[in-house]
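In: test case, fold it:
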Amino acid sequence: MSKKKAFQFFLSATCLAAAYFLSRFGLFSFHEMKQWPAVLAVTGIAVLAIAARFGCRIASATTVAGYLGGFFLGLWLGKEGTDPGGGRTDSGWIIWTFIFLLGILCGFLADWIFQKKQKTGLDL
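Out: Model (predicted):
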């Protein structure tokens, strides 16, 4: 891996780690999820490694933005409820996951379009 790609991964991973610590520990009292922030962060690190390997800068940015944006949208739009057994439910994690995955998908799609544009010289 080139120095440029390694730096891209390091910078993106640092931003994702900051977002993870903010969501997992800093704002824990708002969502009370222990494991899900880590699951999404590990997924994000894997995506960042793939993005860095293939030089997908947009996907790196949208992965971090999707993690943070999904978290805050999940807090804002999530609905709390009670299951039939009396347990607490919340839809915030579903919104968070959807926005996160949508950010990843849109980032790789944008990178693919721009890379195709560069190769062909077309003005898309």
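In: C-alpha only now, for contacts and for neighbours.
Out: OK.
In: stretch 79-86 spans what distance, first to last residue?
Out: 16 Å (C-alpha to C-alpha, to the nearest Å).
In: where's it relative to the chain centroid, distance-wise?
Out: 27 Å (C-alpha atoms, centre = their mean, to the nearest Å).
In: averaged pLDDT, that stretch. What do you get?
Out: Mean per-residue pLDDT for stretch 79-86: 77.
In: now do it: everything it contacts.
Out: The contact list for stretch 79-86 (C-alpha atoms under 8 Å, 6 or more residues apart in numbering) reads R88, T89, D90, S91, G92.
In: among those residues, name the buried ones.
Out: Buried by 16 or more other C-alpha atoms under 10 Å: G92, out of these.
In: and the contacts of stretch 79-86, which of them are in strands?
Out: Counting by DSSP state E, the part of these found in strands is R88, T89, D90.
In: I'd like the next helix or strand past the helix or strand of the chain with the lowest mean pLDDT.
Out: When the helices and strands of the chain are scored by mean pLDDT, DSSP states H and E, helix 28-31 comes last with a mean of 68. Using DSSP states H and E, the helix or strand that follows helix 28-31 in sequence is helix 36-53.
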